[in-house]
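> Sequence and predicted structure, then a few things I'm wondering about:
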Amino acid sequence: MDSTPADTSASAETSTTNHPMAPHNDIEAFHQVLKSSRRILALCGAGLSASSGLPTFRGAGGFWRNYDATQLATVRAFKMDAGIVWLFYSYRRHLALKAEPNMGHRALAALARRNMDFLCLTQNVDNLSQRAEHPSSQLKSLHGSLYDIKCSNESCDWIQKGNFDDPFCAALAPASVDMPNGEPLPLLDPYHRVKHIGEDEIPKCPQCKKGIQRPGVVWFGEDLDANMMMDISAWMRAEPIDLMFVIGTSAQVYPAASYIDKARKRGARIVTINPEAEDEAEMYKIKPGDFAFGRDAAECLPILLEPVIGKPDEDGEFGMP
Ligand code: OAD
């Protein structure tokens, strides 16, 4: 996985170019396009889970203690201090277990149930799309899962799926504390000293008995799962793509972000949903025929998808097709 800044080289001329027929944020026009779209792709990022209370990786939510969250997502950081990396991921595991899928996750899951030709690629490792009952065959978790555990020994292929232990092990209990009355968690205060967690306090791999266990997420510099990548490529090549949603992602991490251009080349119009999507600085990304909605994904997706998924019932469920 590479972190490459998005290309900002578009000319000023293209920056205000838009669909000749409708403004980029016209919901009625979008509904018409959606109704005539069959093969639909989505790329989701941390912003999809923001309204479930989970922090993003960059921007305001991007710091954990005094660490840049993206700096902790590396093999190097794990080799230097596995304990601090594990505390960061344990905290995320705990938060995501307490969080609930939001209306954005539910709306995408409902779209998948109604349209077998919809494929959702998520960079999120929080399991919220799965908990919203997004059909597994239509969901590719590009960056793995917080609830998969792997061996840190590169020559060992041990993996445990769906480990929801909280705390993951006794030494990581400080990351799973719920403070009374919304008081801040001491662990999050960079001035609060945390006890160093040694590698001997982290469970060993039961298979090779050499490596220590690590989160089953993809770190910077690591490859995405090869079979999953082949499945995605095959899906993309099979037929043209009508529409691609880019939801709550800064699209700075590759190869995930590269699917946007690939889908465009396969014919897709791009619809971006992100509070920043309509900012002046983002306008150059909106090409003729594209849509951009500068809104919260959880609030916006049910409205955008309504012609296909209907309105939710009073429990926030879209029901079965
Ligand atoms: P980022 O933190 O880079 O971007 C989150 C995006 O969500 C930003 O563009 C925000 O503007 C947007 N956003 C914030 N609140 C939103 C809301 N309510 N609705 C919609 N959008 C909102 O997160 P990602 O793009 O997901 O990898 O980051 C990609 C990868 O980098 C992550 O998967 C992670 C990280 O390193 C791993 O940890 C494996």
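Structure's in. What do you need?
> For the strand ranked longest in the chain, C-alpha coordinates in CSV please.
Determined from DSSP state E, the single longest strand within the chain is strand 144-151. Provided in CSV are the C-alpha atoms of strand 144-151 (Å, rounded to 0.1, in the frame of the first residue of the first chain):
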residue,chain,number,x,y,z
GLY,A,144,-8.2,-6.3,5.9
SER,A,145,-10.0,-6.3,9.2
LEU,A,146,-9.3,-5.2,12.8
TYR,A,147,-10.8,-8.5,13.8
ASP,A,148,-8.5,-10.7,11.8
ILE,A,149,-5.3,-11.7,13.6
LYS,A,150,-2.1,-12.7,11.7
CYS,A,151,1.4,-13.9,12.5
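> ok, and what's touching that strand?
By C-beta atoms under 8 Å, 6 or more residues apart in numbering, the residues outside strand 144-151 that reach it are 89, 92-93, 96, 125-127, 157-164, 168, 205, 207-208, 211-218, 225. No exception for glycine: its C-beta is placed from N, CA and C like everyone else's.
> among those, which are in strands?
Under the assignment DSSP E, those contribute 159, 160, 213, 214, 215, 216, 217 to strands.
> Quick one: buried ones out of those?
The neighbour-count test (16 or more other C-beta atoms under 10 Å) marks 213, 214, 215, 216, 217 as buried among these.
> Okay, and the beta partners of the first one?
In this structure, residue 213 has beta-bridge partners residue 151, where bridges are defined by DSSP bridges.
> need the residues of the stretch 201-321 of the chain near the ligand, please.
Taking C-beta under 6 Å from any ligand atom as the contact definition, the stretch 201-321 of the chain meets the ligand at 217-218, 248-250, 252-253, 273-276, 296-297.
> If you could redo that for the stretch 1-150 of the chain, that was the one I meant.
Within reach of the ligand by C-beta under 6 Å from any ligand atom, the stretch 1-150 of the chain has these residues: 45-47, 50-51, 56-59, 62, 70, 73, 123, 143.
> Could you rerun that using 5 Å?
Applying C-beta under 5 Å from any ligand atom, we find that the stretch 1-150 of the chain lies next to the ligand at 45, 46, 47, 50, 51, 56, 57, 58, 70, 73, 123, 143.
> tell me the secondary structure for the closest residue in space to the fourth one that isn't next to it in sequence?
Counting by C-beta to C-beta, 6 or more residues apart in numbering, the nearest residue to residue 50 once its immediate chain neighbours are dropped is residue 56, at 6.0 Å. Assigned with DSSP: H, G, I helix; E, B strand; the rest coil, residue 56 falls in the coil class.
> State the number of residues packed around residue 56.
The tally of other residues near residue 56 (other C-beta atoms under 10 Å) stands at 18.
> Mind giving me the PyMOL select for the residues of the stretch 1-150 of the chain next to the ligand, buried ones only?
What follows is the PyMOL syntax selecting those of these that are buried according to 16+ other C-beta under 10 Å:
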select buried, resi 45+46+47+50+51+56+57+58+70+73+123+143
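> Kindly indicate which of the residues of the stretch 1-150 of the chain next to the ligand lies nearest residue 23.
residue 47 (22.2 Å; C-beta to C-beta).
> Number of residues surrounding the nearest residue to the closest one once chain neighbours are set aside?
Closest residue to residue 47 apart from its sequence neighbours, by C-beta to C-beta, 6+ apart: residue 248 at 2.2 Å. Number of residues near residue 248 (other C-beta under 10 Å) recorded here: 28.
> check contacts around residue 248.
Going by C-beta under 8 Å, 6+ apart, the list of residues near residue 248 reads 44, 45, 46, 47, 48, 49, 50, 56, 104, 273, 274, 297.
> what do you get for residue 112?
Contacts of residue 112 by C-beta under 8 Å, 6+ apart are 118, 120, 134, 135, 138, 139.
> and which of these is nearest the ligand?
Nearest to the ligand out of the contacts of residue 112 is residue 120 (C-beta to the nearest ligand atom; 13.6 Å).
> State the distance from the residue in the stretch 1-150 of the chain that the ligand sits nearest to to residue 269.
With C-beta to the nearest ligand atom as the measure, residue 47 is the residue of the stretch 1-150 of the chain nearest to the ligand, at 2.3 Å. Shown here: residue 47 relative to residue 269, a distance of 20 Å by C-beta to C-beta, to the nearest Å.
> next one: residue 214
In terms of C-beta to C-beta, residue 214 sits 39 Å off from residue 269.
> just residue 108 next, same as before
For residue 108 relative to residue 269 (C-beta to C-beta), the value is 18 Å.
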